[in-house]
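S.K.: Got a predicted structure plus its sequence, pasted below:
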Number of protein chains: 2
Amino acid sequence: MRTKESTKPTIKDVARQAGVSPTTVSYVLNNTRFVSPATEARIRAAIEDLSYQPDLIARSLRANRTLSVGMVVSDITNPFYADVVRGAEDFFSEQHYSLILCNTDESPENELASLQMLRSKKVDGLIIVATGQNIQQLDETSSGGLPIVLVDRRLPEDRLDTVIVDDEQGAFAVVNHLLEHGHTRIGMIKPLGGISTTDHRCQGYEKALRKFGLAPDPSLMINGYSTIKGGTAAALALLDLKPRPTAIFSANNLMSIGLYLAIKQRGLACPKDVAIVGFDDMVWFSVFSPGLTTVYQPSYELGKRAAQLLCQRICGGHTNTAPSLVELPSRLVIRESCGCGSNQANLFFS
Amino acid sequence: MRTKESTKPTIKDVARQAGVSPTTVSYVLNNTRFVSPATEARIRAAIEDLSYQPDLIARSLRANRTLSVGMVVSDITNPFYADVVRGAEDFFSEQHYSLILCNTDESPENELASLQMLRSKKVDGLIIVATGQNIQQLDETSSGGLPIVLVDRRLPEDRLDTVIVDDEQGAFAVVNHLLEHGHTRIGMIKPLGGISTTDHRCQGYEKALRKFGLAPDPSLMINGYSTIKGGTAAALALLDLKPRPTAIFSANNLMSIGLYLAIKQRGLACPKDVAIVGFDDMVWFSVFSPGLTTVYQPSYELGKRAAQLLCQRICGGHTNTAPSLVELPSRLVIRESCGCGSNQANLFFS
DNA sequence: CTGAAAGCGCTTACAG
DNA sequence: CTGAAAGCGCTTACAG
């Protein structure tokens, strides 16, 4: 039974209808000082009656917080980042924060533009998969009072809160597994651009090789775009080497798919002609033929933890605490692409 | 060389430093009336010098638009929706709009909460994959002046702008293809809850059957959650029928993955024991074994078109135009799971 | 060619 | 137990 249909009711309308001041309405809205039960009841009735919804923009301007956070990833289309975003979103929606999503496509310019936009929109905090090319701006933003949490990738000196996965350990485990199968000529395909995840996975790869007395061979480590196509291109380069590597480690989820396509394209058999392992797991990797042996990373958890950390910075007293570095454990997932159980690997489908 | 480090500069600070009024600063900021080159230069210098960034919250309150839009999907973790979101985001970021992302998990309560939040945050528009359970609220919101574009799913009577895919035609084509292989006992697994996509895909399935003189058999149509697990459960029910269907149509991308897992679990061979086809394509479906024959939908384009439509409603004169219904074409993608080329289907991997 | 002033819808010291 | 008033940082008629 609303009185004025034309325009959205404001706090004044509620106040008038309840016969009180906007001040008091505000206090019951925010539950921020005692109001007599009788007036509170009248106010709530008026709110209900007018279907009043507070204007969060006005509130933000006045209260200097927006209940919005920025979420900057390279590409939401990459299932890994979709999981990370979902983990963050689930946490924040519980806290009544909303998420502004930005994709950078790994472009520092896009990243900077997103950063500026988010600052202008006065988000209360920011979670970012950093390209690594705007470190100074990130630092300035953070010391300017906007909490930032890095997720998935570290930045030099760890001056910001960071949530990552134990990339080196994960890569070590999966390459070690390949080595235990007896491989000695193991190629690696990996994203270009010095991001921490790639660096650490390389270190894990090299560490595993050295454990087996092998020297890392630069000609066996091929860079490419971290896309399916990039993976195919890098993999083809590796597959066309003479002699061909007997195994390949793909350090990126989309590149792993490209690796499968490259093997198919060259008419090779996996794991017979070339064994492969990946990094990052996706449910459907088990449906691939052969199933991909890979490193599971807790992607959803990554986003959730980042969100928790950010929330502490925003709300909590963690204002002057030193930045935390949270490292989540990865886990080796053994399927058939490495050569395990390869005799029955393809019995299911004929 | 900024003068005050402590607090963010406002338009007043810029005005003072340039020796003009805030009014004039605002006009050059928005490029909205002529300002003499000399003063404009002084103002721009001041902006630069102070690294002034306008407060978009204040601007929103005053100008009554936020340059934000809401994007409500069931689950960003589903690659189909990730594509849709990306299509929308790409378009909007060009227009300097930002996207607030919400996941509903198909829950009407979550959807309603998102809707209210987005209204309170005064988004300029809204793209939504509707659950179908909040039709009235959506209508009211729209007639209350907030433009809404439905994507992926229609609502009865098409009272809102809608961008969809030709689900019926797509399903018809893929089931028709199965029928041409000679199958007469074709099961279907599909999401529960009367959403338009599922309804139309069922119609396409039934239409194809009837074209071949077959009567749709309700016991061959199994509902499930539109998840991988849901797909597995529904598929197992179908595979355990006696006699077993010789082919299965999965009407949902995640359920298709579940279908593969169910076939594997029962130790059956595809397409020999049971042929399968899906709806919605993902690049990695080609890496599955056998590759999934399915219906490609232009998911990215879906999001992009929805964004365009919304933008027209927001900015353009399309205020009182009748709602448009955009139907994008799907496309049959033939791989091996239907039985095509099955003799060489698994030569690649051994 | 430019400015003074009102006001967007809230919150929050201050006061009683 | 409640209110009057200032003010968050902008934009935009109105005026000259």
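M.R.: Yes, it's here.

S.K.: Counting neighbours, what do you get for A:Gly19?
M.R.: 11 (other Cβ atoms under 10 Å in any protein chain shown). Where C-beta positions appear, they are placed from N, C-alpha and C, glycine not excepted.

S.K.: Test my guess that it contacts A:Arg42.
M.R.: Yes: counting by Cβ atoms under 8 Å, A:Gly19 touches A:Arg42, with 6.8 Å between them.

S.K.: mind pulling up the phi and psi values for the residue nearest the centre of chain A?
M.R.: Taking Cα atoms, centre = their mean, the centroid of chain A lies closest to A:Val84, which sits 3.7 Å from it. Note on A:Val84: its backbone torsions stand at phi -60, psi -50 [degrees, to the nearest 10].

S.K.: Relative to A:Val165, how far out is it?
M.R.: 11 Å (Cβ to Cβ, to the nearest Å).

S.K.: what does A:Arg62 give?
M.R.: Taking Cβ to Cβ, one finds A:Arg62 at 40 Å from A:Val165.

S.K.: ok, these two, which is more surrounded?
M.R.: Set A:Arg62 next to A:Val165 and count neighbours by other Cβ under 10 Å: A:Val165 wins out with 26 against 11.

S.K.: What residues does the nearest residue to that one once chain neighbours are set aside make contact with?
M.R.: Counting by Cβ to Cβ, 6 or more residues apart in numbering or on different chains, A:Val165 lies nearest to A:Gln297, which is 4.5 Å off, once chain neighbours are set aside. Going by Cβ atoms under 8 Å, 6 or more residues apart in numbering or on different chains, A:Gln297 touches A:Phe80, A:Val165, A:Gly170, A:Phe279, A:Asp280, A:Asp281, A:Leu328, A:Ser330.

S.K.: I'd like these written out as TSV, with distance to A:Pro9 added.
M.R.: Listed next are the contacts of A:Gln297 as TSV, based on distance: Cβ to Cβ, whole Å:
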residue	distance to A:Pro9
A:Phe80	44
A:Val165	49
A:Gly170	55
A:Phe279	54
A:Asp280	50
A:Asp281	51
A:Leu328	47
A:Ser330	52
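
S.K.: Out of those, list just those in strands.
M.R.: When DSSP state E is applied, the contacts of A:Gln297 are split such that A:Val165, A:Leu328 fall in strands.

S.K.: Make a PyMOL selection of the buried ones in the contacts of A:Gln297.
M.R.: In PyMOL, a selection of the buried entries from the contacts of A:Gln297 looks like this (16 or more other Cβ atoms under 10 Å in any protein chain shown):
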select buried, chain A and resi 80+165+170+279+280+281+330
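
S.K.: Nearest to B:Arg335 among the contacts of A:Gln297?
M.R.: A:Asp281 (23.5 Å; Cβ to Cβ).

S.K.: that older thread, which pLDDT value belongs to the residue nearest to the centre of chain A?
M.R.: For A:Val84, the model assigns a pLDDT of 98.

S.K.: Excluding chain neighbours, what is closest to it?
M.R.: A:Gly303 (3.8 Å).

S.K.: and that neighbour, how far is that from A:Leu101?
M.R.: 12 Å.

S.K.: Now list whatever residues contact both of the two.
M.R.: With Cβ under 8 Å, 6+ apart, A:Gly303 and A:Leu101 have common neighbours A:Val85.

S.K.: Which one's more surrounded, these two?
M.R.: Comparing A:Gly303 with A:Leu101 by neighbour count (other Cβ under 10 Å), the higher total belongs to A:Gly303, at 28 against 24.

S.K.: Go ahead and confirm the more buried one touches A:Val151.
M.R.: Yes: using Cβ under 8 Å as the test, A:Gly303 is close enough to A:Val151 to be in contact (6.6 Å).

S.K.: those strands in chain A, which residues are they?
M.R.: A:68-73, A:98-103, A:125-128, A:148-151, A:161-165, A:186-191, A:221-224, A:247-250, A:275-277, A:294-296, A:325-328, A:331-333.
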